[in-house]
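[1] Kindly return the folded structure for what I paste below:
(2 chains)
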Amino acid sequence: GQSLEQPSEVTAVEGAIVQINCTYQTSGFYGLSWYQQHDGGAPTFLSYNALDGLEETGRFSSFLSRSDSYGYLLLQELQMKDSASYFCAVNRDDKIIFGKGTRLHILP
Amino acid sequence: KAGVTQTPRYLIKTRGQQVTLSCSPISGHRSVSWYQQTPGQGLQFLFEYFSETQRNKGNFPGRFSGRQFSNSRSEMNVSTLELGDSALYLCASTAEGETQYFGPGTRLLVL
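    Reported below is the predicted structural model:
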């Protein structure tokens, strides 16, 4: 089958750095995407890795290693507004498959 | 550009009824996908429409159906509602590439 695994919850301190991992058991996909969803809101696109390596967008960075079937989202200088759920997703056979999401808790 | 819009935002139905949800994509986007989101299962892909044709379908029973109109607006229908259909239904539109732009969702409660 095809699935993406993420930790269900992660806790970090305001101002710190946190990494949210995503491992997958699927192949032949085009790239790995990350989405953020606040409580009561819709998922919003954060980043996309088409190639192996690191993509940086401001405080957020995302990494992909196809050989390791692994990716991660790195959030730096955490702010309270970063408290949300984060989903990794792949596009395979024109279907978007999402992980079950990681709930990020930020402590003051 | 206006974002993806969905109507209604909230809906309460009883078991056995049917429901129709509507989604208007971002202007110029021809692909519309539908997802069911529940606390236990996360985001589950329902189906995708492109140029009025269903291009992909997830693993949902036939009670879940959809269509897309010539203006790219899409509707999804759920017949014979069950308690387990209570969820947030999200639609997302895509131009080219893979980035999904989500609407605010329709929260359906089945009693």
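
[2] can you list the residues of chain A near chain B?
    Contacts of chain A with chain B, taken as C-beta under 8 Å from any C-beta of the partner chain, map to A:30-31, A:33, A:35, A:41-45, A:48, A:87, A:89, A:91, A:93-101. Using the backbone N, CA and C atoms, a C-beta is placed for each residue, glycine as well.

[3] cutoff 7 Å now
    Counting by C-beta under 7 Å from any C-beta of the partner chain, the residues of chain A close to chain B are A:30-31, A:33, A:42-45, A:48, A:87, A:91, A:94-101.

[4] Tell me the buried residues within these.
    Buried by 16 or more other C-beta atoms under 10 Å in any protein chain shown: A:31, A:33, A:42-43, A:45, A:48, A:87, A:91, A:95-101, out of the residues of chain A next to chain B.

[5] Please identify which helix or strand holds the residue positioned nearest the centre of chain B.
    Centroid-nearest residue in chain B, with C-alpha atoms, centre = their mean: B:Trp34, separated by 3.5 Å. In the assignment (DSSP states H and E), B:Trp34 maps to strand B:31-38.

[6] Identify each buried residue in that strand, please.
    Buried, per 16+ other C-beta under 10 Å, within strand B:31-38: B:31-37.

[7] ok, now stretch B:75-88?
    For stretch B:75-88, by 16+ other C-beta under 10 Å, it's B:75-76, B:78, B:81, B:85-88.

[8] returning to that earlier point: closest to chain A among the buried residues of strand B:31-38?
    Set against chain A, the nearest of the buried residues of strand B:31-38 by C-beta to the nearest C-beta is B:Ser33 (6.6 Å).

[9] what ranges do the strands span in the chain?
    As the question left the chain open, I've gone with chain A. Secondary structure of chain A (DSSP state E): strands at A:4-5, A:9-13, A:18-24, A:32-37, A:44-49, A:53-57, A:60-65, A:70-75, A:84-92, A:95-98, A:102-107.

[10] That was the other one, I meant chain B.
    B:5-7, B:10-13, B:19-24, B:31-38, B:42-50, B:53-57, B:64-68, B:74-78, B:87-94, B:101-102, B:106-110.

[11] Averaged pLDDT, the fourth one. What do you get?
    What that stands for is strand B:31-38. Strand B:31-38 shows a mean pLDDT of 94.

[12] roughly how far is stretch A:87-97 from the heart of the chain?
    13 Å (C-alpha atoms, centre = their mean, to the nearest Å).

[13] How about stretch A:90-108?
    6 Å.

[14] One more: stretch B:102-111?
    Using C-alpha atoms, centre = their mean, the offset of stretch B:102-111 from its chain centre is 9 Å.

[15] List the contacts of it.
    For stretch B:102-111, contacts defined as C-beta atoms under 7 Å, 6 or more residues apart in numbering or on different chains pick out A:42-44, B:4-6, B:8-15, B:19, B:21, B:23, B:81-83, B:85-92.

[16] tell me the contacts of the residue lying closest to A:Met80 once chain neighbours are set aside?
    Leaving out its chain neighbours, the residue that sits closest to A:Met80 by C-beta to C-beta, 6 or more residues apart in numbering or on different chains is A:Ile106, at 5.6 Å. Residues in contact with A:Ile106 (C-beta under 7 Å, 6+ apart) are A:12, A:14, A:78, A:80, A:82-83.
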